[in-house]
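Enquirer: here is my input, please return the structure:
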Amino acid sequence: MEELLYRVALTFIPKVGAVTARNLISYCGSAQAVFEARRKELLRVPGVGEQIASNILDKSVLAQAEQELAFMEQQGIRPLFYLDKDYPERLRHLPDSPPLIYYKGPASLNAERTVAIVGTRRPSPHGVRICEEIVEGLQPYGVTIISGLAFGIDVAAHRCCLQLGVPTIGCVAHGLQRIYPPQHKSVAREMIEQGGLLSEYPSQTEPDRERFPMRNRIIAGLCDALIVVETQRKGGSMISAEMANNYHKDVFAVPGRIKDKFSEGCNLLIKSHRASLLESANDLAYVMRWEKAGEERAVQTQLFVELSDQEQELVELLRAHESISIDQLTNLLKRPNSELAALLLELEFKGMVRSLPGKQYTLMQ
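Expert: Numbers count the residues shown, from 1 in each chain. Presented below is the predicted three-dimensional model:
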């Protein structure tokens, strides 16, 4: 609990962002050691200057952290630090992921398959219907759906998940002491029972405008694939798609009519090869090489194995690890999840690789 106090306090230090927080932990050894370090030691840490060193030595943030811990205990909120085993693996290796997140709900943040669905806050009836059809089509694949609890496509995806019993997680741009927009309180309460709410912000943080793009990077980072349903050329959904591409996630967009302003963004993503065209959930499952729950793939060992250069690179990386997750492979090789899934599947067919629970892979001996 004492180390947790210092971890929470670390995120309260003014001007200390995700990268600097990690540097401090790396150089000092623990969050507590950061607050016990001398000024001269702190100034050796990359990104730490006189102002940040003074902010750390002030230690006033420890009182704030104590209040935050009391709030979390009262509300049943779990703090997850990037060194914790329950911290989302998909976020852990991203350079700008939050060092600490606040989470409330039973759904796993390390689910085997995760899909983010985003879109305009003012969708057409057609867009809402397509969103619901996609969620329904994804249900047999055992996915967890992630979105931002905003008006429009976001909340339509969450509501459909709740109706179908699909785990759904809402990433919000404020502290968990409130729900924004307040019209979605009843949806949020159900999500806490069936999925979860997640934020990188402490309890008293207000939903200021600049925090929403920051929230979008978590949505993009948590998913294996991101789907855009109706969006204009500019807005939060396009930011999420750009971030997902930067994180080497697979991006899909639902096409729309030419000159339809709410389809301009989707059509542009497809036209510029920044998203795959998506007409149904089956399109995503095909690209991602996903089988429905209960389906098994036949694997036959080949006697004489010939490997492509990409397969050989993957085998060499697997050889260096007892087991490794596809999320780690995505981060190390800087390739989309679907491309690696296809390579791993081919290596399974060749009898070179075995899949393990939790999206882990190991080289056959």
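
Enquirer: which parts of the stretch 151-300 of the chain are strands?
Expert: 168-171, 196-199, 225-229, 250-253, 276-277 (DSSP state E, counting those that start in this stretch).

Enquirer: flag every buried residue along whichever strand or helix holds residue 361.
Expert: Per DSSP states H and E, residue 361 falls inside strand 360-363. Residues of strand 360-363 classed as buried by neighbour count (16 or more other C-beta atoms under 10 Å): 360-361, 363. (Each C-beta comes from the backbone N, C-alpha and C, glycine too.)

Enquirer: count of neighbours near the closest residue to residue 212 other than its chain neighbours?
Expert: The shortest distance from residue 212 to any residue other than its chain neighbours is 4.7 Å, reached at residue 173 (C-beta to C-beta, 6 or more residues apart in numbering). Neighbourhood size, residue 173 [other C-beta atoms under 10 Å]: 25.

Enquirer: let's have the buried residues of strand 360-363 in a markdown table, adding pLDDT and distance to residue 333.
Expert: A markdown table is the format used below for the buried residues of strand 360-363 (pLDDT from 0 to 100; distance: C-beta to C-beta, whole Å):
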| residue | pLDDT | distance to residue 333 |
| --- | --- | --- |
| 360 | 81 | 16 |
| 361 | 85 | 13 |
| 363 | 84 | 15 |
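
Enquirer: okay, these in a markdown table with distance to residue 346 next?
Expert: Listed next are the buried residues of strand 360-363 as a markdown table, based on distance: C-beta to C-beta, whole Å:
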| residue | distance to residue 346 |
| --- | --- |
| 360 | 18 |
| 361 | 12 |
| 363 | 14 |
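
Enquirer: which among these gets closest to residue 15?
Expert: Checking the buried residues of strand 360-363 against residue 15 with C-beta to C-beta, the nearest one is residue 360 at 38.0 Å.

Enquirer: quick check: bridge partners of that closest one?
Expert: Beta bridges link residue 360 to residue 325, residue 356 when assigned by DSSP bridges.

Enquirer: hmm, it is touching residue 321, no?
Expert: No - checked against C-beta atoms under 8 Å, the pair residue 360 and residue 321 is beyond contact range at 9.5 Å.

Enquirer: which residues are in contact with the residue lying closest to residue 137 once chain neighbours are set aside?
Expert: The spatially closest residue to residue 137, leaving aside those adjacent along the chain, is residue 281, at 2.8 Å (C-beta to C-beta, 6+ apart). For residue 281, the contacting residues are 133-134, 136-138, 141, by C-beta atoms under 8 Å, 6 or more residues apart in numbering.

Enquirer: model confidence for residue 281, exactly?
Expert: Listed pLDDT for residue 281 reads 96.

Enquirer: separation between it and residue 338?
Expert: 14 Å (C-beta to C-beta, to the nearest Å).

Enquirer: state the helix or strand in which residue 91 lies.
Expert: Counting by DSSP H and E, residue 91 is found in helix 89-92.

Enquirer: give me the contacts around that helix.
Expert: Outside helix 89-92, the residues that touch it by C-beta under 8 Å, 6+ apart are 82, 97-98, 101, 110, 114, 218, 221-224, 325, 327-328.

Enquirer: a markdown table for these, including pLDDT and distance to residue 354?
Expert: Listed next are the contacts of helix 89-92 as a markdown table, based on pLDDT from 0 to 100; distance: C-beta to C-beta, whole Å:
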| residue | pLDDT | distance to residue 354 |
| --- | --- | --- |
| 82 | 94 | 29 |
| 97 | 92 | 29 |
| 98 | 94 | 34 |
| 101 | 97 | 32 |
| 110 | 94 | 20 |
| 114 | 97 | 23 |
| 218 | 96 | 32 |
| 221 | 96 | 27 |
| 222 | 96 | 26 |
| 223 | 96 | 25 |
| 224 | 95 | 20 |
| 325 | 84 | 14 |
| 327 | 81 | 18 |
| 328 | 83 | 16 |
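
Enquirer: out of those residues, which are buried?
Expert: Buried among the contacts of helix 89-92 (16+ other C-beta under 10 Å): 82, 97-98, 101, 110, 114, 218, 221-224, 325, 327-328.

Enquirer: and those, which is closest to residue 71?
Expert: When these are compared for distance to residue 71 (C-beta to C-beta), residue 101 wins out at 15.1 Å.

Enquirer: who's that closest one bridged to?
Expert: Counting by DSSP bridges, residue 101 forms beta bridges with residue 80.
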